[in-house]
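Chemist: Compute the structure for the input listed below.
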Amino acid sequence: MFKGKAISPLLVLFSVLISYSESRAVPAPPHPICAINATVLDIQKTKTQIGGRGPNYSYVDHYAVKLKIYNSSVVRQSGFGVSCDKLINSEQDSILHLSEYDKSPIKTGQEINANIEFRGDEWFHGYFLSDIKILDR
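Modeler: Numbering: from 1, shown residues only. Next up is the predicted model:
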């Protein structure tokens, strides 16, 4: 008789604790790092809201870069069998962190060589650019 009364409040407490637990971002599955040659079609400095609901969010500043990719090759394979070939002859939206931009500022119309990799979590994900080299044409 006492056991049934003790279990009911514990279930209620457990349910309340689970419903108020803070969710954590889940990372994207691994993708290959691809070396690309591309033309910068557009670049805009922007910010994206990340990190959940209500007062638990923040913003990340970055550049949104639209590329026309001409060729692509694998720098590091992911093990998932995802290919870099799907990027060839595509227009691709990508993300460039401010620190990467500071290393090699790019602008619309430039030809570049760079690494690109799909990564992130449910709040901030996409194709991230790194190791950019501006090509002389």
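Chemist: Do a quick rundown of the helices in this protein.
Modeler: 2-19, 98-103 (DSSP state H).
Chemist: Mean pLDDT lowest where, among these?
Modeler: Least confidently modelled of those is helix 2-19, at a mean of 54 by mean pLDDT.
Chemist: what does stretch 123-135 contact?
Modeler: Contacts to stretch 123-135, defined as CB atoms under 8 Å, 6 or more residues apart in numbering, come from residues 25, 28, 37, 48-52, 60, 65, 92-97, 100, 103-104, 106, 110-120. Glycine gets a C-beta too; all of them are placed from N, C-alpha and C.
Chemist: try it again with 6 Å
Modeler: Stretch 123-135 has contacts (CB atoms under 6 Å, 6 or more residues apart in numbering) with 25, 28, 48, 50-51, 60, 92, 94-96, 100, 104, 110-119.
Chemist: Equivalent analysis for stretch 65-85, please.
Modeler: Outside stretch 65-85, the residues that reach it (CB under 6 Å, 6+ apart) are 30-39, 41-43, 87-88, 90-94, 96, 115.
Chemist: Take that stretch and give me the span from its first residue to its final residue.
Modeler: 20 Å (CA to CA, to the nearest Å).
Chemist: and that stretch, how far out from the chain's middle?
Modeler: Stretch 65-85 sits 15 Å away from the centroid of its parent chain (CA atoms, centre = their mean, to the nearest Å).
Chemist: One more: stretch 87-103?
Modeler: Distance, centroid of stretch 87-103 to centroid of chain: 11 Å (CA atoms, centre = their mean).
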